[in-house]
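**Q** Quick one: sequence plus predicted model below, questions after.
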Amino acid sequence: DTEVTQTPKHLVMGMTNKKSLKCEQHMGHRAMYWYKQKAKKPPELMFVYSYEKLSINESVPSRFSPECPNSSLLNLHLHALQPEDSALYLCASSRNFAPQGGGNTIYFGEGSWLTVV
Amino acid sequence: AQSVTQLDSHVSVSEGTPVLLRCNYSSSYSPSLFWYVQHPNKGLQLLLKYTSAATLVKGINGFEAEFKKSETSFHLTKPSAHMSDAAEYFCVVSDPVSSGSARQLTFGSGTQLTVLP
């Protein structure tokens, strides 16, 4: 089972709202990732968690706040977003936080489509 | 530093004809290379991966890719296109020396494959 589950699939929020995106995997992976993808562009890395600790923050604005409550769950809390933050947000996981190769492939979820109005 | 170039932003083929999506990479060391596919409004699905084993890699849905170190290429091919192959394809490189650096994966800009009936 190589499944990463993301909810909700679609989210529309106002610029003053607070919402969260959720991600879950049950593959025993210890690294989890958030990517942002704009239309017709490749995904851009936002955050990496390794063993439930934040390992990488790619200079993401503080209006995006990640959280890793346990090894299976990853959240992305959203507050005071801007219309330009509208995008597909992809969660991913891998066995551990190391360069890909062999069995350490990164698996992606279906994504959450976010629209900020 | 690693980089990846997808030589065609759009490729159009007729159903039943061969598919060739071109990818060139740059990496300081022996890289791991991947092809991901993204169907409309979906997440990324791993098609195949090269991790320094056999240079000809077979993936899902009849796709394969050949790692050519002398040409620094990792082109994706399929003998006969199907309508369901219409999607965005991303070539991705991971450098084993990049452990702990800001980016685990370097994505190409993507190739949109159109399959004509």
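**A** Good, I have the coordinates. Numbering: from 1, shown residues only, chains lettered A, B, ... in the order given.

**Q** For the helix or strand of chain B with the lowest mean pLDDT, which helices and strands make contact with it?
**A** Sorted by mean pLDDT, DSSP states H and E, the helices and strands of chain B end with strand B:106-107, the least confident at a mean of 89. If you count contacts as 3 or more CB pairs under 8 Å, 6 or more residues apart in numbering or on different chains; DSSP states H and E, strand B:106-107 packs onto strand B:3-6, strand B:87-94. Just so you know, the C-beta spots here come from the backbone N, C-alpha and C atoms, and that holds for glycine as well.

**Q** mind giving me CSV with those strands and columns for mean neighbour count?
**A** Formatted as CSV, the helices and strands packed on strand B:106-107 follow (neighbours: other CB atoms under 10 Å in any protein chain shown):
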stretch, mean neighbour count
strand B:3-6, 18
strand B:87-94, 24
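
**Q** For chain A, which of the ones you listed is the nearest?
**A** Ranking these by distance to chain A, with CB to the nearest CB as the measure, places strand B:87-94 first at 3.9 Å.

**Q** Is there proximity between that closest one and chain A?
**A** Yes. Where contact is defined by CB under 8 Å from any CB of the partner chain, part of strand B:87-94 touches chain A, namely B:88, B:90, B:94.

**Q** Relative to the least confident helix or strand of chain B, what are the paired strands and their orientations?
**A** When sheet partners are counted by DSSP bridges, strand B:106-107 sits next to strand B:87-94 (antiparallel).

**Q** For the partner strand, the averaged confidence score.
**A** Per-residue pLDDT values over strand B:87-94 give a mean of 93.

**Q** What number of residues are in the vicinity of residue 42?
**A** All of this is about chain A. 22 (other CB atoms under 10 Å in any protein chain shown).

**Q** that's the wrong chain, I meant chain B
**A** The tally of other residues near B:Lys42 (other CB under 10 Å) stands at 15.

**Q** A:Arg30 now?
**A** Using other CB under 10 Å: A:Arg30 sits among 15 other residues.
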